[in-house]
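Peer 1: got a predicted model here, sequence first, then my questions.
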Amino acid sequence: MRYLLLATVSLLAAAPASAQTQPPAGPFPLNSVTDRVHNGPQGSDLRASIQALQQTLTELQQLQLQTKQAHWNISGTLFYPLHELLQDHYEGVAKYADEVAERLQGIGVSSDGRANTIVRTSRIPEYPGGFVDDAQVIQWFAQYYRVTSDEIAAGIKATEDKDPTTSNLLQEVQHTIDKYQWQMRAMIQSTPTDPNTGSDINNGRPIAPAGRPSAPVN
């Protein structure tokens with residue numbers, strides 16, 4: 001019996017070591033790295049790619065969730081055009097979330113799309129619950145599309161030398177997010193003939209400072 005107990009203890013002690021994977025890379029420790037040969041950044045160069053891709057994936061997933069929340073609950077004069085626009089945005093964001101996750105796999109890294117990861121690491125807050133006014137929708141998405149674009153820009157810069165394929169993909173994502181941000185801010189863009197403050201859809205209150213049209217760039 002004594003020898004049986006000793007053998008059992010030895011097996012239990014050895015089990016964690018046999019289950020160990022490669023050490024974590026970067027700030028997302030649950031992105032495990034494959035032990036198979038792959039074409040992509042290696043060693044320390046892999047860290048920048050993991051950080052850029054995983055953070056982008058997290059924000060795109062967060063935008064998917066919040067876009068649908070707004071799509072279902074938007075109310076106000078601009079309900080229908082914003083309802084349709086948000087559906088288009090949802091589909092575009094979902095497409096790129098999938099491509100970013102697959103790029104992680106392509107460079108030999110697992111992607112982490114779990115709800116807990118989104119909650120812990122996203123810099124985009126949860127969208128308000130209940131019915132939300134169309135003016136608030138415009139303001140919220142104009143702001144957080146900008147936040148997302150700035151994050152992606154940092155990833156583009158961090159990967160452009162060692163992992164240009166990832167950098168190019170992130171440029172595509174940023175191009176789309178910038179387009180979505182423009183489509184929101186255009187609804188409250190001041191012009192020489194109309195300040196377009198958004199007050200007409202916001203109970204007489206400006207959505208954001210109207211500002212002034214900038215001079216032409218020569």
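Peer 2: Ah, there it is. Numbers count the residues shown, from 1 in each chain.
Peer 1: name the helices or strands packed onto the host helix or strand of Gln54?
Peer 2: Applying DSSP states H and E as the criterion places Gln54 in helix 45-73. For helix 45-73, the contact count by 3 or more CB pairs under 8 Å, 6 or more residues apart in numbering; DSSP states H and E identifies helix 79-106, helix 115-121, helix 134-159, helix 164-185 as packing neighbours. In this view, the C-beta of every residue, glycine as well, is placed from N, C-alpha and C.
Peer 1: low pLDDT regions in the chain?
Peer 2: 1-29, 209-218 (pLDDT under 70).
Peer 1: try 90 this time
Peer 2: 1-46, 116, 127, 188-191, 193-218 (pLDDT under 90).
Peer 1: list the contacts for the residue nearest the centre of the chain?
Peer 2: Nearest to the geometric centre of the chain sits Glu59, at 1.8 Å (CA atoms, centre = their mean). Contacts of Glu59 were listed using CB atoms under 8 Å, 6 or more residues apart in numbering, and they are 122-124, 148, 151-152.
Peer 1: for Val137, state which of those residues is nearest.
Peer 2: Proximity of the contacts of Glu59 to Val137 (CB to CB) peaks at Ile124, which lies at 14.5 Å.
Peer 1: help me confirm that the closest one comes into contact with Asp150.
Peer 2: No - at 11.6 Å, Ile124 does not count as touching Asp150 under the criterion of CB atoms under 8 Å.
Peer 1: look at Glu126 and give its secondary structure.
Peer 2: Secondary structure assignment for Glu126 (DSSP: H, G, I helix; E, B strand; the rest coil): coil.
Peer 1: count the residues that sit near it.
Peer 2: 12 (other CB atoms under 10 Å).
Peer 1: correct me, but it touches Ala70?
Peer 2: No - judged on CB under 8 Å, Glu126 makes no contact with Ala70 at a distance of 11.5 Å.
Peer 1: what's the distance between the nearest residue to Lys162 once chain neighbours are set aside and His175?
Peer 2: The shortest distance from Lys162 to any residue other than its chain neighbours is 4.2 Å, reached at Asp45 (CB to CB, 6 or more residues apart in numbering). Distance of Asp45 to His175, given as CB to CB, to the nearest Å: 25 Å.
Peer 1: neighbour count for the two, which is higher?
Peer 2: Here Asp45 and His175 are compared on neighbour count by other CB under 10 Å; more neighbours surround Asp45, at 14 against 11.
Peer 1: isn't that one up against Glu160?
Peer 2: No - between Asp45 and Glu160 there is no contact under CB under 8 Å: 11.9 Å.
Peer 1: and Val132, what does it touch?
Peer 2: 70, 73-75.
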